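Novice: give the three-dimensional model of this entry:
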Amino acid sequence: MAILGDSAATAAIDAFGTVGTAMVTPFKDDGSIDYPAVEKVASHLVDMGNDMLVVSGTTGESPTTTDDEKIELLHVVRGVVGSRARIIAGAGNNVTAHTIDLSQRSAAAGADGILIVTPYYSKPTQPAIAAHMRAAADSTDLPVMLYDIPGRSGVPITTATLLELADHPNILAVKDAKGDLFASMQVMNHSSLVYYSGEDALNLPLLSIGALGVVSVAGHVCTDKFAAMVKAVADNDLSTARALAFETADMVDALMNHMPGVLSAKAALQAQGILDNRGTRLPLLPADEEQMAFVTAQLTRSGYLSE
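Specialist: Below is the predicted model:
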């Protein structure tokens, strides 16, 4: 198990940081990417305390952006963030050759690491998942974070497969959104893979069993308290960490349980004046007025928006 201060944990934290947000991709009214708004969101997130930004993750609407747009997003975010945060490129998809190409292009564009999601829709076998992940990790010298999210991909990365992949020198970490705490604990117990919570509702439970950080959607709003929670757990102050989890619970619920996270995150950023436009690309529709009012009301109740 990787624990704070050992070589595996140090390598992963150096590569990825501890507090990350999977950032949204802002669009203009005509559906094109609003790169000045990208700069504004990236700066805002880092100013709030993120030391990691995931660019072109699912929350960044990666299924609907082109490869050229993904690479330009990396350049733009790097240009405004500089060395203040690690930039992790969402390069995974359900075509192995495409994943390899995008991983290599992302590395050339200056990404600090690569996030590789389980191939979705095809429901590959576990040996096929392992082969896909190894091929992606072999294609670049960048550190790799595996993304285990069976609710989206259709299949989990099993404990046995994760333990097998742990021996790859570039595969350092797992973004865990599987919702199986015991399975996650088993991987942490029997490998040096470093875990990051990829499910905001389970941030504290995962941190309490050994995860060293978070990769969040609710971090568009709650980074300050998530960063404090990560620190509190690292300091073995579970009382403080629990209080922070309770303080953020209603905001996490509003952002994660009532609409796709990208809709609620963009609605929240617009309500706070960070974004002018909460538009999305089909097949997503932006938050409607009722959803916008719902998110705005919770921002106010939670102290993230003045009345």
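Novice: residue ranges for the strands of this protein, please.
Specialist: 19-22, 52-55, 86-90, 113-117, 144-148, 171-176, 194-197, 213-216 (DSSP state E).
Novice: mean confidence score for the fifth one?
Specialist: This predicted structure assigns strand 144-148 an average pLDDT of 98.
Novice: equivalent analysis for the first one, please.
Specialist: For strand 19-22, the mean pLDDT works out to 98.
Novice: packing partners of it?
Specialist: For strand 19-22, the elements it packs on are strand 52-55, strand 86-90, strand 213-216, helix 219-234, judged by 3 or more CB pairs under 8 Å, 6 or more residues apart in numbering; DSSP states H and E. All C-beta atoms are positioned from the backbone trio N, CA, C, and that covers glycine.
Novice: kindly recompute the last result at 7 Å.
Specialist: strand 52-55, strand 213-216, helix 219-234 (3 or more CB pairs under 7 Å, 6 or more residues apart in numbering; DSSP states H and E).
Novice: what's the most buried one of those?
Specialist: Neighbour counts (mean count of other CB atoms under 10 Å) averaged over each of the helices and strands packed on strand 19-22 peak at strand 213-216, with a mean of 30.
Novice: who's in contact with that one?
Specialist: Strand 213-216 is contacted from outside by 17-22, 54, 175, 196-198, 200, 203, 226, 230, using CB atoms under 7 Å, 6 or more residues apart in numbering.
Novice: show me which of those residues are buried.
Specialist: Among the contacts of strand 213-216, those classed as buried by 16 or more other CB atoms under 10 Å are 17-22, 54, 175, 196-198, 200, 203, 226, 230.
Novice: so which two of those residues are the farthest from each other?
Specialist: Gly17 and Asp200 (17.0 Å; CB to CB).
Novice: out of the helices and strands packed on strand 19-22, the one nearest Glu72 is which?
Specialist: strand 52-55 (10.3 Å).
Novice: how about the helices in the stretch 1-150 of the chain?
Specialist: Using DSSP state H, counting those that start in this stretch, the helices of the stretch 1-150 of the chain run over 7-16, 35-48, 67-81, 96-108, 126-138, 150-153.
Novice: list the buried residues in the second one.
Specialist: Right, helix 35-48. Buried residues in helix 35-48 (16+ other CB under 10 Å): 35, 37-42, 44-46, 48.
Novice: what's the average pLDDT for stretch 101-108?
Specialist: 98.
Novice: nope, stretch 215-224 is what I meant
Specialist: Mean predicted lDDT for stretch 215-224 stands at 98.
Novice: for it, measure first residue to last.
Specialist: Start-to-end span of stretch 215-224 (CA to CA, to the nearest Å) is 13 Å.
Novice: any idea which of the buried ones among the contacts of strand 213-216 is closest to Pro63?
Specialist: Closest to Pro63, out of all of the buried ones among the contacts of strand 213-216 and judged by CB to CB, is Ala22, at 13.6 Å.
Novice: who are the neighbours in contact with Pro143?
Specialist: Taking CB under 7 Å, 6+ apart, one finds 15-16, 113, 170, 172 in contact with Pro143.
Novice: and those, which two are furthest apart?
Specialist: Of all pairs in those, the most separated under CB to CB is Phe16 and Asn170 at 12.5 Å.
Novice: the more surrounded of those two?
Specialist: Shown here are Phe16 and Asn170; by other CB atoms under 10 Å, Phe16 has more neighbours (27 against 17).
Novice: Ile116 versus the more buried one, what's the distance?
Specialist: 13 Å (CB to CB, to the nearest Å).
Novice: ok, Arg301 next?
Specialist: In terms of CB to CB, Arg301 sits 37 Å off from Ile116.
Novice: looking at the two, which one has more neighbours?
Specialist: Legend: neighbour count by other CB under 10 Å for Arg301 and Ile116, higher for Ile116 (24 against 13).
Novice: so which elements touch the lengthiest helix in the chain?
Specialist: Longest helix of the chain, by residue count under DSSP state H: helix 238-256. Helix 238-256 is packed against helix 203-208, helix 219-234, helix 261-271, helix 289-301, with contacts defined by 3+ CB pairs under 7 Å, 6+ apart.
Novice: sweet, I'm off.
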